[in-house]
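Chemist: sequence and predicted model, in that order:
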Amino acid sequence: SLGFYQLVRPLAVGLVHGMAGSAAVSPLVLAAIRDPVWALAYLLVFGVGTIAGMMLITSAISIPIARVGRISTSISRCTRIASGLISLGFGF
């Protein structure tokens, strides 16, 4: 069974990624929306959609990796190293 940390982690990652993506795209769209009510509605829908999408992607990636880690520690170690290297590559 999944613990509280495993259930909340996708939410936390989705929140962080959702806010980062929204910060880059939202001002472009908001400049075109004249009515403040519609602008707020856009921000809410876009923010919730971005967070939900990131949560789903994070869950889809992390759950299989966590299950493989329970089966084999060597595969788990290789997976963690590979994901770290890929993350560093994207970061650079």
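Modeler: Yep, that arrived.

Chemist: what about the closest residue to Val68 other than its chain neighbours, which helix or strand?
Modeler: Computed as C-beta to C-beta, 6 or more residues apart in numbering, the closest residue to Val68 that is not its neighbour in sequence is Ile75, at 5.4 Å. Using the backbone N, CA and C atoms, a C-beta is placed for each residue, glycine as well. Using DSSP states H and E, Ile75 sits within helix 73-91.

Chemist: so what secondary structure elements neighbour that helix?
Modeler: helix 36-71 (3 or more C-beta pairs under 8 Å, 6 or more residues apart in numbering; DSSP states H and E).

Chemist: report the angle between the axes of the helix it packs on and helix 73-91?
Modeler: Taking axes from the mean of the first three to the mean of the last three C-alpha atoms, to 10 degrees, one finds helix 36-71 and helix 73-91 inclined to each other by 150 degrees.

Chemist: what's the mean pLDDT across helix 36-71?
Modeler: On average, the pLDDT along helix 36-71 is 84.

Chemist: check which residues of it are buried.
Modeler: 39, 42, 46-47, 50-51, 54-55, 58-59 (16 or more other C-beta atoms under 10 Å).

Chemist: which residues are in contact with the helix holding Ile75?
Modeler: The contact list for helix 73-91 (C-beta atoms under 8 Å, 6 or more residues apart in numbering) reads 65, 68-69.

Chemist: take the residues you listed and lay them out in TSV including distance to Ala32.
Modeler: Shown next, in TSV, are these (distance: C-beta to C-beta, whole Å):
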residue	distance to Ala32
Ile65	40
Val68	45
Gly69	46
